[in-house]
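> Please find the sequence and the predicted model below.
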2 protein chains.
Amino acid sequence: MARPSKLAGRARDEALEALKAAGWTHDAGADTISRSFRFKDFSAAFGWMTRAALAAEKLDHHPDWSNVYNRVEVSLTTHDVKGLTELDVKLAEAMDAAL
Amino acid sequence: MARPSKLAGRARDEALEALKAAGWTHDAGADTISRSFRFKDFSAAFGWMTRAALAAEKLDHHPDWSNVYNRVEVSLTTHDVKGLTELDVKLAEAMDAAL
């Protein structure tokens, strides 16, 4: 898959608005989006992580994430372009859909 | 499973010695053990995480861990007793065995 370019202009504004409405936070300095997920227990958390991992592998785009028991902290950005791309939006949407 | 008590004395010294020989680092202040794992790619990293998650669930003892692409950082301790117990040793051994 060709590497997408950094989101800009109206497409970027609209994407960020939708992500924020869905519960994601945008760090403007690092140009990352992040979200904290909380589950019933470790099994539920890791079950979701597994579905998210399959989505990430399919997109060939991977999260920075950490897990402690029932909590998962996710941060997304596209290191190649040092900022957000369509891949981050797609992975965030896939993670939300996997809930 | 009854909560094990904090490792102490000779059992603790021997356990820490074996863990260090296997590549784990002991943080004496926090009384945690940690290890960085590196894999071929995300698929290999997450495959190992899945095996480690099954072992964690079986022990009913879970890691603090983070993943970025092919790297996984693991930190183990037993929050209930604010220190290392037999459960941490068993989970570390299971993680190493899952490599």
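Here it is on my side, so go on. Since this is a predicted model, take the numbers as computed values, not measurements.
> okay, CA-based contacts and neighbour counts for the rest of this
OK.
> Just the pLDDT for the residue in chain A that chain B sits nearest to.
Going by C-alpha to the nearest C-alpha, chain B is nearest to residue A:66 of chain A, at 3.8 Å. In this prediction, residue A:66 carries a pLDDT score of 98.
> What of residue A:4?
Looking at residue A:4, its pLDDT stands at 84.
> pretty sure it is touching residue A:88, no?
No. Counting by C-alpha atoms under 8 Å, residue A:4 sits too far from residue A:88 to count as a contact (10.2 Å).
> Looking at those two, which is more packed in?
When residue A:4 and residue A:88 are compared for neighbours, residue A:88 comes out ahead with 24 against 13, by other C-alpha atoms under 10 Å in any protein chain shown.
> what does chain A put close to chain B?
When proximity is defined by C-alpha under 8 Å from any C-alpha of the partner chain, chain A lies next to chain B at A:42-43, A:46, A:50, A:53, A:57, A:62-69.
> just to revisit the earlier point, any figure for the gap between the residue of chain A closest to chain B and residue B:33?
Noted for residue A:66: a distance of 17 Å to residue B:33, by C-alpha to C-alpha, to the nearest Å.
> Okay, and residue A:96 sits in which element?
Using DSSP states H and E, residue A:96 sits within helix A:86-97.
> That helix - contacts with which helices or strands?
helix A:9-21, helix A:42-59 (3 or more C-alpha pairs under 8 Å, 6 or more residues apart in numbering or on different chains; DSSP states H and E).
> and among these, the most buried is which?
helix A:42-59 (a mean of 18; mean count of other C-alpha atoms under 10 Å in any protein chain shown).
> quick one on the thing from earlier: give me the more crowded residue out of residue A:66 and residue B:33.
For residue A:66 versus residue B:33, neighbours defined as other C-alpha under 10 Å are more numerous around residue B:33 (22 against 19).
> No more questions from me, cheers.
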